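Engineer: Can you look at this prediction? I've put the sequence above it.
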Amino acid sequence: MAFDRLIDKIAEMQNPTVAGLDPKLDYVPEFIKEECFAKYGKTLEGAAAALFEFNKALIDALYEVVPAIKPQAAYYEMYGWQGVKALADTIAYAKSKGMFVITDGKRNDIGTTMEAYAAAHLGSTTVAGEEVEAFGADALTVNGYLGTDGIKPLVNICKSGDKGIFVLVKTSNPSSGELQDKKLDDGTTVYEQMGKMCEEWGTELEGKYGYSGVGAVVGATYPEQLAEMRAKCPHTFFLVPGYGAQGGGANDVKNAFDENGLGAIINSSRGIMCAWKKQGLTENDFAKAAYNEAVRMRDEIIGCIGKIKK
Ligand SMILES: O=c1ccn([C@@H]2O[C@H](COP(=O)(O)O)[C@@H](O)[C@H]2O)c(=O)[nH]1
């Protein structure tokens, strides 16, 4: 199971965190942009080259201490196909460094279209009889609100291809409660029901640590709901965004973990990418600052949850 591989890396590094790579051009230091614009012009190609150089430097700084990256597809798509190529190149580079890759795409559609998304991001595409990997991430974020037929194609690929998915359950944004906190007829909330569906979808995918290949996204900005869902979804591995830039801290995320310190991975994107701004460094030292912040985040969380045991 893909999340067994992720858990092994988390335990080996004693670090249950993932670095989000959401590289808006504004975050990329001037010296990288100048170099790329000189080579490719002030074009989408130049912008995408700058994103990739930025990501490469971050990955080089982080791969020995952070087990995973989470590129958010939107920040690549905004730079056209050139940006999407930078996403593919970033995934390949992170994998070459042994990192686990979670593409944050939040895909959702009817079953047949989900088959295409599953092939694109996690599986392979058939070209003239040959199987070719398109993006090749280890896991993908998805929206489960279209129901089982939208999720099944992904579950099938997770089973055959050692991949995982994270289904949106309780998102970190301020208005997530407008729909997700609504009570259903049986008195449970919509997010609780979605968590229950994750447990059901994951039954055929249980890994050696008790967590299935169907994970859930639960935000650090809702610590009570994190604790509630940890108790109600014992086989569902959590991806927890909202730490750092959105205000979540180690105390807010500690309830995402089980008694062995397993069961969750905490994301920080802007907090790591833009760490130099808070460390009194210049943007030229962005990679060093990202490393410092990743280590600080790891130590803060481990300080709260204790040693991770398998
Ligand atoms: O509920 C959710 C689901 C996804 N995200 C994504 O995580 C990162 C958070 O970035 P920060 O800079 O650390 O705030 C970003 O890619 C979001 O799209 C989320 O925040 N909340």
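Structural biologist: Yes, it's here.

Engineer: Show me what from the protein comes close to the ligand.
Structural biologist: Within reach of the ligand by Cβ under 6 Å from any ligand atom, the chain has these residues: 20, 22, 72, 104, 171-172, 217, 219, 241-242, 244-246, 267-271. In this view, the C-beta of every residue, glycine as well, is placed from N, C-alpha and C.

Engineer: and the closest residue to the ligand within the stretch 1-150 of the chain, how many neighbours?
Structural biologist: Residue nearest to the ligand within the stretch 1-150 of the chain: Q72 (3.5 Å; Cβ to the nearest ligand atom). Taking other Cβ atoms under 10 Å as the criterion, the count of residues near Q72 is 21.

Engineer: Check A227 too.
Structural biologist: 14.

Engineer: Does it touch F257 like I think?
Structural biologist: No. Using Cβ atoms under 8 Å, A227 is not in contact with F257, being 10.2 Å away.

Engineer: Quickly list what's touching both of these two.
Structural biologist: Shared contacts of A227 and F257 (Cβ atoms under 8 Å, 6 or more residues apart in numbering): none.

Engineer: Neighbours of V240, how many?
Structural biologist: Other residues within reach of V240 by the criterion other Cβ under 10 Å amount to 30.

Engineer: how far away is it from K170?
Structural biologist: Separation of V240 from K170 (Cβ to Cβ, to the nearest Å): 10 Å.

Engineer: Give me the common contacts of these two.
Structural biologist: Counting by Cβ under 8 Å, 6+ apart, the common neighbours of V240 and K170 are V217, V218, G219, L226.

Engineer: Dig out what the residue of the stretch 1-150 of the chain closest to the ligand forms beta bridges with.
Structural biologist: The residues listed as beta-bridge partners of Q72 by DSSP bridges are D104.

Engineer: Just put the shared contacts of V240 and K170 in TSV and tack on pLDDT and secondary structure.
Structural biologist: Putting the shared contacts of V240 and K170 into TSV (pLDDT from 0 to 100; DSSP: H, G, I helix; E, B strand; the rest coil) gives the following:
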residue	pLDDT	secondary structure
V217	98	strand
V218	98	strand
G219	98	coil
L226	98	helix
